[in-house]
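Trainee: Here is my input, please return the structure:
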Amino acid sequence: MLALATSILYFPGLHGDFEFDDGPNIIDNEALKLEQLTLTNVLKVAMSGMSGPLGRSVSMVTFAGNYYLTGFDPFYFKLTNLLIHLFAGAGVYALARQLSLALGPESVTEKHELQAHQIALTATAIWLVHPLNVTSVLYVVQRMTSLSALFTFWAVALYIFGRRKTLDGKLGHGLFWMLTGLVPVSMLAIFSKENGALAPCLTFCVEVVVFRFAAPSKVLQLSLYGVFFTFLILAATLLILRFDQIYNYVINGYLQRDFSLADRLSTQPGVLLFYLRLLVLPSASAMGLYHDDFPVVTNFFESPQALFSALSIGALLVTGIFAIRRAPPLAFAILWYFVGHSMESTFLALEMVHEHRNYLPIVGPIFAASYYLWMVGAGVLSTKAKLAISGAIFVVFSGVTYVRSVQWSNLVDHAAIEAHNHPQSERANYQMGRVYFMLNANEKNPEMSKLADQYFERAAKLGSINIYPMAGRLQLAFKDRTPPPKHLVEEIARRLQFGRAWDANLSALNNLVNCQMTQYCRFTDEEMTSMLKAPLANAGFSPKARGAAHWLLGGYYAARLGDFQAAKPQFEAAVEAEPNRIEYRLELVRFYGVLQDLDAAEAQLKVARKLDTLGIQRNRLDEEAALLESARRAQLK
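Mentor: This next block holds a predicted model:
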């Protein structure tokens, strides 16, 4: 029944479109276009992820599976997300039930089994329909979040199940399930999204709060300490060995943001309280896909609100620690919530606010609320009263979720609602401009064109990094065959050269190149090359973005201007920037072939073969080798 109710709530939203980061991660990812189900193709898909340092291979394979079965139909991508959400709900039930039993007496009676079922069912029902989870279901790319959480729920549930078995004297059986949760299931979580690495940390919280390393024998107790100590040593070793890379990853991330590390750390306490408010009092108007309008704290000590937020978070953490012995469910709720947010709401250079980050953490508070509701003595609340309270919460949350689901069912309406609810959001305004741009493109309408330009202009004023709004205004003008504002080319070049080096701007630049090469844009070659050269003078761009910038400029020289000599150093610089990117080397092989520099082409091909350790590009490599061999024979004639 719960699955059916949840499906009904989400059904309108399944008819919506791809949005925001769905484009670069799914639609524009050529590797996801799985035409033949072979091991080589699946490995290629698994390694095609761009969103995190580990590639999120499990998630990428599921996206490719969607394409293989139904193409890029957003309905089936969202339907798959809904099914994952339901399976994650089963994981929440298993986790909550095992926790309830573990918190009860050693000897489990039918009464305790019933109470555990009631607590778990209530927690699962509330979690399944909570409005904070909407973006994790209907925003396709956030399948990464829901898959990672799904495996994390099961990892911790299996650990608790096994741990309870060890206390019952079934040592071998218990250790098997504990290690299954800690190793293979946790690995699936990690390779769905990197915050799956929190699974062992959350398991440790459960051990500290619920079991406190109690064991029937000293050997088992020492083994438990050894397991978590091993995880600690592995994490510390990784930190030490990869410290330079991790440090550079964190510091370089802020080169792409219009806020600093200090700003982020000052703002996040307020963000965590904002999430808690939405958890308890969800509001469709306060929620949204875009939260880039959230106020950033630039001076912590001059902001009373920031100081209050930090003190509140500190007080909650202290309460959680002191509650471990006196109120374990409360301690679990607090520690699970903060550990669940520890990766995405601390020092990493991520965007300030996203609702999908709550998919995993809110299980803690929801479980504790459900636990205390059902464990209240019969003299305080009757069973009917408890059912009425949980039912009322379920109905209210379901209503807000249904409203949001309907909003997501139509791209135009959703964009309008986001822009209305978040008028100071750069992204909401840009998306509204983009929608009007598409409407105007489908059927010429001066009013639509005017509105698109107004929203693009507003988005450009609200942000200082993004070039998408200016690129949108330029493409709109060319589409309408009107003279584009000349200052926009200069502003784009300025932001690319002197602004924060946001890698995503290279996608906007690529769109302009494609528009110039194959569509309706009419930049002068001087204007186009000035924009393409600009990011090369920005020291903040990552090697990946720098390589892309060199490749774009080289491609323009070669394909548009026919200047192969100017293109050559750009292509070579792209390979130098990303030496392990096999696609660049393969294209360079083809380019050297066109220049008849066969020795250089074969040298690049040789390196490319070494890089293709899994044989993913073997067919392409063999094709290029055959072409070079044919060119060699032609030279000898």
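
Trainee: buried set for stretch 454-466?
Mentor: Neighbour-count burial for stretch 454-466, counted by 16 or more other C-beta atoms under 10 Å, picks out 455-460, 462-463, 465-466. For glycine as for every other residue, the C-beta is placed from the backbone atoms N, C-alpha and C.

Trainee: Run through the neighbouring helices and strands of the particular helix or strand that has Phe322 in it.
Mentor: If you go by DSSP states H and E, Phe322 is part of helix 304-326. The elements that helix 304-326 packs onto, with contact taken as 3 or more C-beta pairs under 8 Å, 6 or more residues apart in numbering; DSSP states H and E, are helix 261-280, helix 328-341.

Trainee: what two of the buried residues of stretch 454-466 are the furthest from one another?
Mentor: By the measure C-beta to C-beta, Tyr455 and Ile465 form the most distant pair in these, at 17.9 Å.

Trainee: Count the neighbours of Met187 for me.
Mentor: Close neighbours of Met187, defined as other C-beta atoms under 10 Å, add up to 16.

Trainee: Among the buried residues of stretch 454-466, which ones are in helices?
Mentor: Among the buried residues of stretch 454-466, the residues falling in helices (DSSP state H) are 455-460, 462.

Trainee: pLDDT value on the residue nearest to the spatial centre of the chain, please?
Mentor: With distances taken as C-alpha atoms, centre = their mean, Gln142 lies nearest the centre of the chain, 5.5 Å away. Per-residue pLDDT puts Gln142 at 95.

Trainee: Return the distance of the closest residue to Leu261 other than its chain neighbours relative to Pro53.
Mentor: Spatial nearest neighbour of Leu261, chain neighbours left out: Tyr254 (5.8 Å); criterion: C-beta to C-beta, 6 or more residues apart in numbering. According to C-beta to C-beta, to the nearest Å, Tyr254 and Pro53 sit 16 Å apart.

Trainee: The two - which one has more neighbours?
Mentor: Shown here are Tyr254 and Pro53; by other C-beta under 10 Å, Tyr254 has more neighbours (19 against 11).

Trainee: which residues does the nearest residue to Phe591 once chain neighbours are set aside contact?
Mentor: Sequence neighbours aside, Phe571 is the residue nearest to Phe591 in space, at 5.8 Å (criterion: C-beta to C-beta, 6+ apart). For Phe571, the contact set (C-beta atoms under 8 Å, 6 or more residues apart in numbering) comprises 550-551, 554, 584, 587-588, 591.

Trainee: Return the set of buried residues in the one helix or strand Phe571 maps to.
Mentor: With elements taken from DSSP H and E, the one containing Phe571 is helix 564-577. For helix 564-577, a neighbour-count test (16+ other C-beta under 10 Å) marks 567-568, 570-575, 577 as buried.

Trainee: Could you point out which of those is nearest to Asp612?
Mentor: Of those, the one sitting nearest to Asp612 (C-beta to C-beta) turns out to be Val575, at 15.1 Å.

Trainee: my read: His291 touches Glu355, true?
Mentor: Yes - assessed by C-beta atoms under 8 Å, His291 is found in contact with Glu355 at 7.5 Å.

Trainee: gap between Leu238 and Ile246?
Mentor: Distance of Leu238 to Ile246, computed by C-beta to C-beta: 9 Å.

Trainee: Counting neighbours, go ahead and name the busier of those two.
Mentor: Taking other C-beta under 10 Å, Leu238 and Ile246 do not tie; Ile246 has more neighbours (15 against 12).

Trainee: what helix or strand does the closest residue in space to that one that isn't next to it in sequence sit in?
Mentor: Leaving out its chain neighbours, the residue that sits closest to Ile246 by C-beta to C-beta, 6+ apart is Leu239, at 6.7 Å. Using DSSP H and E, Leu239 maps to helix 218-241.

Trainee: And that helix, what does it pack against?
Mentor: With contacts defined as 3+ C-beta pairs under 8 Å, 6+ apart, helix 218-241 has these neighbours: helix 198-206.

Trainee: hmm, 7 Å instead?
Mentor: Using 3 or more C-beta pairs under 7 Å, 6 or more residues apart in numbering; DSSP states H and E as the contact criterion, no helix or strand is in contact with helix 218-241.

Trainee: Name the surrounding residues that touch it.
Mentor: With C-beta atoms under 7 Å, 6 or more residues apart in numbering as the test, helix 218-241 has contacts from 166, 171, 200, 204, 213, 215, 246.

Trainee: The buried residues of stretch 454-466 into JSON lines, with extra columns for pLDDT?
Mentor: Formatted as JSON lines, those follow (pLDDT from 0 to 100):
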{"residue": "Tyr455", "pLDDT": "97"}
{"residue": "Phe456", "pLDDT": "96"}
{"residue": "Glu457", "pLDDT": "96"}
{"residue": "Arg458", "pLDDT": "97"}
{"residue": "Ala459", "pLDDT": "96"}
{"residue": "Ala460", "pLDDT": "95"}
{"residue": "Leu462", "pLDDT": "94"}
{"residue": "Gly463", "pLDDT": "90"}
{"residue": "Ile465", "pLDDT": "91"}
{"residue": "Asn466", "pLDDT": "93"}
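
Trainee: Can you read off the pLDDT for the residue nearest to Phe591?
Mentor: For Phe571, the pLDDT comes out at 94.

Trainee: gap between it and Leu14?
Mentor: According to C-beta to C-beta, Phe571 stands 44 Å off from Leu14.

Trainee: Equivalent analysis for Glu110, please.
Mentor: From Glu110 across to Leu14, the span is 40 Å (C-beta to C-beta).

Trainee: Tell me which of the two has more neighbours.
Mentor: Neighbour tally, Glu110 and Leu14, criterion other C-beta under 10 Å: the higher count belongs to Leu14, 20 against 7.

Trainee: List the contacts of the more buried one.
Mentor: Contacts of Leu14 by C-beta under 7 Å, 6+ apart are 75, 78-79, 82.

Trainee: Buried subset of those residues as a PyMOL selection?
Mentor: Provided next is the PyMOL selection string for whichever of these are buried by 16+ other C-beta under 10 Å:
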select buried, resi 78+79+82
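
Trainee: follow-up on the earlier one: could you count how many residues lie near the residue nearest to Ile246?
Mentor: 11.

Trainee: How about Phe229?
Mentor: Applying other C-beta under 10 Å, I find that Phe229 has 11 neighbouring residues.

Trainee: pLDDT score assigned to it?
Mentor: Phe229 carries a pLDDT value of 86.

Trainee: how near is it to Trp177?
Mentor: Phe229 is 20 Å from Trp177, by C-beta to C-beta.

Trainee: any chance of the contacts of helix 218-241 in TSV, with pLDDT, distance to Leu598 and secondary structure too?
Mentor: What follows is these, written out as TSV (pLDDT from 0 to 100; distance: C-beta to C-beta, whole Å; DSSP: H, G, I helix; E, B strand; the rest coil):
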residue	pLDDT	distance to Leu598	secondary structure
Thr166	91	66	helix
Leu171	87	66	helix
Pro200	93	53	helix
Phe204	94	59	helix
Phe213	89	67	coil
Ala215	84	69	coil
Ile246	78	42	helix
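
Trainee: List only those of those flagged as buried.
Mentor: 166, 171, 200, 204, 215.

Trainee: Just list the residues touching the last one, thanks.
Mentor: Meaning Ala215. Here Ala215 is in contact with 166, 221, 224 (C-beta under 7 Å, 6+ apart).
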